[in-house]
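Student: structure of the sequence below:
(one chain, ligands or ions: 2)
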Amino acid sequence: MTSQLAGGPLVQLTGVNKWFGDLHVLQDIDLSIDRGEVVVVIGPSGSGKSTLCRTINRLESIEKGEISIDGQRLPEEGKQLARLRSDVGMVFQSFNLFAHKTILENVTLGPTKVRRQSKADAEKRARELLDRVGVGAQADKYPAQLSGGQQQRVAIARALAMDPKVMLFDEPTSALDPEMINEVLDVMISLARDGMTMIVVTHEMGFARRAANRVVFMDGGRIVEAADPETFFTNPRSDRARDFLSKIL
Ligand code: ADP
Ligand code: MG
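Tutor: Ligands and ions are numbered 1, 2, ... in the order given. Sure, this is the predicted structure:
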């Protein structure tokens, strides 16, 4: 159903609006993301970045507008939603690994339960992915035995194990000690180079400069400005973006 639409955008938000009670948290969001594109979303705290990610994954409903993934409109609920949601991998600030499962089990759980892969297939793939993110040697340990940076790399491997079409990262390095930030960013940069479509909420401007095709600046629930990183960082158009950049750079 999806392959004949291979030319269209992979993620498309059209006129998306969301309210939390009276709070209009997403206002007329239009955003179209191509296959292989890396979009970095920045903006002040409370501007709606996490909510945007969560609506793309339908962890949050929207009141108005449309979201489609690979040409398929996201329904509100039901079986089709579960399938479309598994096209979207998500990595959060807090790694959210299952504490009482081994690293390997954390990665095989989704593929065996949701994707109905055999245990052997899931384990083979999990080990490949754990190697890829540099924690293959930790497969039989438990999350608490790993550093924060290692746990976040496991969380990335776990998301990749579901073969998502797009990966969402919501401040993936914000909870990490400084010396661990780069090991996670390096994995993300390598994913980007391999052609993964990614939406990344981060204040790591070095990552944005190296990996992003586009920077989207949000403020007050709106996309205020979007441009390639070079243009955005050297010549932001809006006062709000300029003001924000002066605080974080
Ligand atoms: P950001 O990630 O940019 O910091 P969020 O998307 O988390 O912003 O939040 C946007 C706004 O929505 C904030 O004002 C926040 O307080 C509010 N908000 C977020 N989640 C909820 C919720 N579940 N219920 C009510 N308000 C929320
Ligand atoms: Mg947030």
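Student: moving C-terminal from the longest helix along the chain, which element do we reach first?
Tutor: The residue-count maximum for a helix in the chain (DSSP state H) belongs to helix 178-193. Sequence order places strand 197-201 as the next helix or strand after helix 178-193, per DSSP states H and E.
Student: packing partners for that next one?
Tutor: For strand 197-201, the elements it packs on are strand 38-42, helix 49-56, strand 166-170, helix 178-193, helix 205-211, judged by 3 or more C-beta pairs under 8 Å, 6 or more residues apart in numbering; DSSP states H and E. All C-beta atoms are positioned from the backbone trio N, CA, C, and that covers glycine.
Student: mind listing what the residue most central in space within the chain touches?
Tutor: In the chain, the centroid-proximal residue (C-alpha atoms, centre = their mean) is residue 168; its distance is 1.0 Å. Contacts for residue 168 (C-beta atoms under 8 Å, 6 or more residues apart in numbering) come out as 53, 56, 57, 88, 89, 90, 91, 198, 199, 200.
Student: what do you get if the cut-off is 7 Å, keeping everything else the same?
Tutor: 53, 56, 57, 88, 89, 90, 199 (C-beta atoms under 7 Å, 6 or more residues apart in numbering).
Student: hmm, back to that, now for the helices and strands packed on strand 197-201, which one comes closest to residue 19?
Tutor: Closest approach to residue 19 among the helices and strands packed on strand 197-201 is made by helix 49-56 (10.4 Å; C-beta to C-beta).
Student: roughly how far out does that closest one sit from the chain middle?
Tutor: 9 Å (C-alpha atoms, centre = their mean, to the nearest Å).
Student: so that helix, near ligand 2 or not?
Tutor: Yes. Looking at helix 49-56 against ligand 2 by C-beta under 5 Å from the ion, the contacts come from 49, 50.
Student: what's in contact with the following helix or strand past that helix?
Tutor: Later in the chain than helix 49-56, the nearest helix or strand by DSSP H and E is strand 64-69. Here strand 64-69 makes contact (C-beta under 7 Å, 6+ apart) with 10-17, 55-56, 73-74, 84, 87-88, 165-166.
Student: tell me the mean pLDDT for the helix or strand following strand 64-69?
Tutor: The helix or strand immediately downstream of strand 64-69 is strand 72-73, counting by DSSP H and E. The average pLDDT within strand 72-73 is 87.
Student: again with stretch 210-227
Tutor: On average, stretch 210-227 scores 97.
Student: touching ligand 1 at all, that stretch?
Tutor: No. Judged by C-beta under 6 Å from any ligand atom, stretch 210-227 stays clear of ligand 1, getting no closer than 6.6 Å.
Student: report the buried residues of that stretch.
Tutor: 211-212, 214-219, 221-227 (16 or more other C-beta atoms under 10 Å).
Student: figure out how far it is from the centre of its chain.
Tutor: With C-alpha atoms, centre = their mean, you get 15 Å for stretch 210-227.
Student: among the buried residues of stretch 210-227, which are in strands?
Tutor: Judged by DSSP state E, the buried residues of stretch 210-227 include 214, 215, 216, 217, 218, 219, 222, 223, 224, 225, 226, 227 as members of strands.
Student: quick one: which of those is nearest ligand 1?
Tutor: residue 218 (6.6 Å; C-beta to the nearest ligand atom).
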